[in-house]
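Undergrad: predicted model follows, preceded by the sequence.
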Amino acid sequence: MESRVLSRSAAISGLPHLSKPPRDCSNVSFISVRSIGAVGEGGNVIWGRQLRPALLLESSQVVTSPATSLLVGKREILRPCLAASSPAEGNDSAGEKIAPIGFFDKYPALLTGFFFFMWYFLNVIFNIINKKIYNYFPYPYFVSVIHLFVGVVYCLVSWGVGLPKRAPIDSKLLKLLIPVAACHALGHVTSNVSFAAVAVSFTHTVKALEPFFNAAASQFILGQQIPFTLWLSLAPVVIGVSMASLTELSFNWTGFISAMISNISFTYRSIYSKKAMTDMDSTNVYAYISIIALFVCIPPAIILEGPQLIKHGFSDAITKVGMTKFISDLFWVGMFYHLYNQLATNTLERVAPLTHAVGNVLKRVFVIGFSIIVFGNKITTQTGIGTCIAIAGVAIYSFIKAKMEEEKRQMKAA
């Protein structure tokens, strides 16, 4: 068989032009893949079943007769003749198994919707369990450590089984992630201090001001020019939060100031995150940030709450709800905290920034609404109106900002 193939190749140079392969080639089997000549820069031409429909040959290597009058370097198309395989040899294409298309691969929108649903669900459950813990165990620094500790254990177990595979980290990346993790730790602790001091709905209303701090940091720290329309969209947010704060029944300065510090901390986390951009996947990055943040949170928890916990904190909680419920509540609140943050990051990778921004606004609406229903928080009419105005302002801001980012990407791509 090899000799027949080689003889056909040699005969090409004597033809005035390339023609279609003869019809009687059906008796030839090309099950074996063989090299019959060099193509381009040292590559081999493979003749057989694995050929693409059209194979390009350099005429400078194929055409040697002047009678052909073909220019050197001109490419001709040699179309292979497909051999019919005998029953004994079997069908080659049968060996090339096509991977079945999964259900979520076929319907990606359903998978994205599932991510959003789980993100909302886990966030709502976290806020509910978290607030219930503070009702009988008001130690936010210690609870913040538990949140991160459970998440770190989860990450270590996941790395241990290879889901996902742990990405190596060097000293350079570690130095970049430390400021991000420190801001993450401070924002997380102060958020929990606010959750423990005031109603969950009020904390989330104040945290709606985070876009305002992001815009201010971009303008005055990073030197980025913020359009007037973006600043204008933040006016309803400031007005709404102010209205809600003035008549909030659970208002106290500890909760309000802690929520504001949380906004500032997460703003700086965003700034440092831009400086620490890496090719590492988001799951591994968040795992390393959680580990570093855990070490940042432990000292203040020991200093500020350690003596009280040892003296009566643990014993009081166990007396109220029992050892089993106390431990299970701490475990599950930490698990839900880690999973909802991880899902938020994974969801951002699956959708456009505009979709994620709208989803984030709706998430805050869900959390505020469910917390009011579950805990029976009484709110005044002015607080309700102010909360709605603030959320609407965040939605407008997110929409404008996401559109601006999309236009920037399109301009760079063009």
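TA: Structure's in. What do you need? Numbering: from 1, shown residues only.

Undergrad: for the rest of this, base every contact and every neighbour count on C-alpha atoms.
TA: OK.

Undergrad: what is the burial count for E210?
TA: 20 (other C-alpha atoms under 10 Å).

Undergrad: excluding its backbone neighbours, what's nearest it?
TA: Excluding its sequence neighbours, the residue lying closest to E210 (C-alpha to C-alpha, 6 or more residues apart in numbering) is N263, at 5.0 Å.

Undergrad: doesn't T205 make contact with the one you found?
TA: No. When contacts are counted by C-alpha atoms under 8 Å, N263 is not listed as touching T205 (11.4 Å).

Undergrad: please enumerate the strands of the stretch 301-414 of the chain.
TA: With DSSP state E, counting those that start in this stretch as the definition, the stretch 301-414 of the chain shows no strands.

Undergrad: how close does the nearest residue to V394 once chain neighbours are set aside get to F126?
TA: Nearest residue to V394, sequence neighbours excluded (C-alpha to C-alpha, 6+ apart): V237, at 6.2 Å. Distance, V237 to F126, by C-alpha to C-alpha, to the nearest Å: 25 Å.

Undergrad: ditto for A181
TA: In this view, A181 and F126 are 21 Å apart by C-alpha to C-alpha.

Undergrad: now do Y337
TA: 6 Å.

Undergrad: and A182, by the same measure?
TA: Distance check for A182 against F126: by C-alpha to C-alpha, it reads 22 Å.

Undergrad: this protein: strands as residue ranges?
TA: Counting by DSSP state E, the chain has strands at residues 34-39, 43-47, 55-58, 75-78.

Undergrad: so who does the residue positioned nearest the centre of the chain touch?
TA: By C-alpha atoms, centre = their mean, the chain has its centre lying nearest to N346, at 2.9 Å. By C-alpha atoms under 8 Å, 6 or more residues apart in numbering, the residues touching N346 are 115, 282-283.

Undergrad: next one: T247
TA: T247 sits next to 380, 382-383 when contact means C-alpha under 8 Å, 6+ apart.

Undergrad: which of those fall within helices?
TA: Judged by DSSP state H, the contacts of T247 include 382-383 as members of helices.

Undergrad: so which of the contacts of T247 is the closest to F295?
TA: Nearest to F295 among those is T383, at 37.9 Å by C-alpha to C-alpha.

Undergrad: any idea how far R350 is from the closest residue in space to the closest one that isn't next to it in sequence?
TA: Leaving aside its chain neighbours, T383 sits nearest to A244 (3.9 Å; criterion: C-alpha to C-alpha, 6+ apart). A244 sits 34 Å away from R350, going by C-alpha to C-alpha.

Undergrad: same question for F375.
TA: F375 sits 33 Å away from R350, going by C-alpha to C-alpha.

Undergrad: about what we covered before: ok, so of the contacts of N346, who is nearest I310?
TA: T283 (35.3 Å).

Undergrad: quick one: contacts for the closest one?
TA: By C-alpha under 8 Å, 6+ apart, the contact set of T283 is 164, 342, 345-346.
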